[in-house]
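> With the sequence up front, the predicted model follows.
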Amino acid sequence: MLEIIKHTFDVEGVSFLLITNTQQLKASVNHCYGHAVDAQRYLDKFVKFTVALPETVDTNGHRESVAAIEHYKNLVRNNPLLKELKLFECPSIRTIETLITVNSLSLREVETVVRHIEIYVTLTRQGHLASNKIIGYKIMTLLAIAVYCIAPDVSKSILSRKLDANKFGQLMGISKLSSCQAGRPEETELICYLINREAFINKEGYLPPEDEVKVWQESIRGYFQGGLTRDGVHCSSICAEAIQAIRMC
């Protein structure tokens, strides 16, 4: 296609704007011509100027934010089905922000996540994302939907109860838990603990030392307002329930 554009339409007054993922385009060049070809130099024969979409944007508060995060907020804020659920507000947004940042999600991948949230809400009539639900259930459900979209292998292992704690930790950008002797656990680490304590393998690095278990348990009770302790529900079960719901579509 690029060669046709250059050789057939190389005429005065005609210009072409190509919108593409450059890394994927380079991979296509190497697939066609072999890895001995310098893909960048090949593309330089056709592309005169390159403008990259910004990874950050200025918000109304005159501070920079990750473009994909702002795109997510705008999508759920303006979606007729989702806007009443306040998924763009804290603390619902924080886990999604972590997943977007750690995994460098593209705008298109963010749209896929939001589309699956919409599917879940439609099929379950809001389910655990309803405004009156305990926040812990809400966060676990959003987490499960996002993981289903960006890491299908991890979501399958949650369903089969064969989760590798290290793989989930990588999604959250956590390799092990930090000490919380000076205060409460950081939220991302708390989520890793909630999920990975039920993991099939490699959960040892995500368990707090014995002298800190009480602090972590108190944080969990606050996160679930007693709901987790009262009815014996496990976080992996909450995630599995959400994954099962969107798999039905």
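Noted; the coordinates are in hand. This is a predicted model, so every value here is computed, not measured. Numbers count the residues shown, from 1 in each chain.
> how far away is P185 from K214?
Distance, P185 to K214, using Cβ to Cβ, to the nearest Å: 12 Å. C-beta coordinates here come from the backbone N, C-alpha and C atoms, glycine included.
> ditto for A245
Relative to K214, A245 is positioned 34 Å away (Cβ to Cβ).
> mind listing what's buried in the helix or strand harbouring Q24?
Assessed by DSSP states H and E, Q24 sits inside helix 22-33. Buried residues in helix 22-33, counted by 16 or more other Cβ atoms under 10 Å: 25-26, 29.
> of these, closest to D164?
Set against D164, the nearest of those by Cβ to Cβ is K26 (31.3 Å).
> which ones are touching the closest residue to the closest one other than its chain neighbours?
Spatially, and ignoring its direct neighbours in sequence, K26 is nearest to A39 (3.8 Å; Cβ to Cβ, 6 or more residues apart in numbering). Residues in contact with A39 (Cβ atoms under 8 Å, 6 or more residues apart in numbering) are 25-27, 29-30.
> May I ask which helix or strand encompasses the residue nearest the centre of the chain?
For the chain, the residue sitting closest to the mean C-alpha position, by Cα atoms, centre = their mean, is L99 at 3.5 Å. Assigned by DSSP H and E, L99 falls within helix 92-102.
> Could you identify the helix or strand that succeeds that helix?
Under the assignment DSSP H and E, the closest C-terminal helix or strand after helix 92-102 is helix 107-124.
> Tell me which other helices or strands that following helix touches.
helix 67-78, helix 135-150, helix 235-247 (3 or more Cβ pairs under 8 Å, 6 or more residues apart in numbering; DSSP states H and E).
> so where is this structure shaky, pLDDT-wise?
61-62, 181-182, 226-233, 249 (pLDDT under 70).
> at 50 instead, please
229-231 (pLDDT under 50).
> thought the residue nearest to the centre of the chain was touching M172?
Yes - the criterion here is Cβ atoms under 8 Å, and L99 meets it with M172 at 7.3 Å.
> re earlier: tell me which of the helices and strands packed on helix 107-124 is the most buried.
Comparing the helices and strands packed on helix 107-124 by mean neighbour count (mean count of other Cβ atoms under 10 Å), helix 135-150 ranks first with a mean of 24.
> what's that helix in contact with?
Residues contacting helix 135-150 (Cβ under 8 Å, 6+ apart): 87, 91-92, 95-96, 99, 103, 105, 109, 112-113, 116-117, 120, 127-129, 154-155, 158, 168, 171, 191, 194-195, 220, 223-225, 227-228, 235, 238-243, 246-247.
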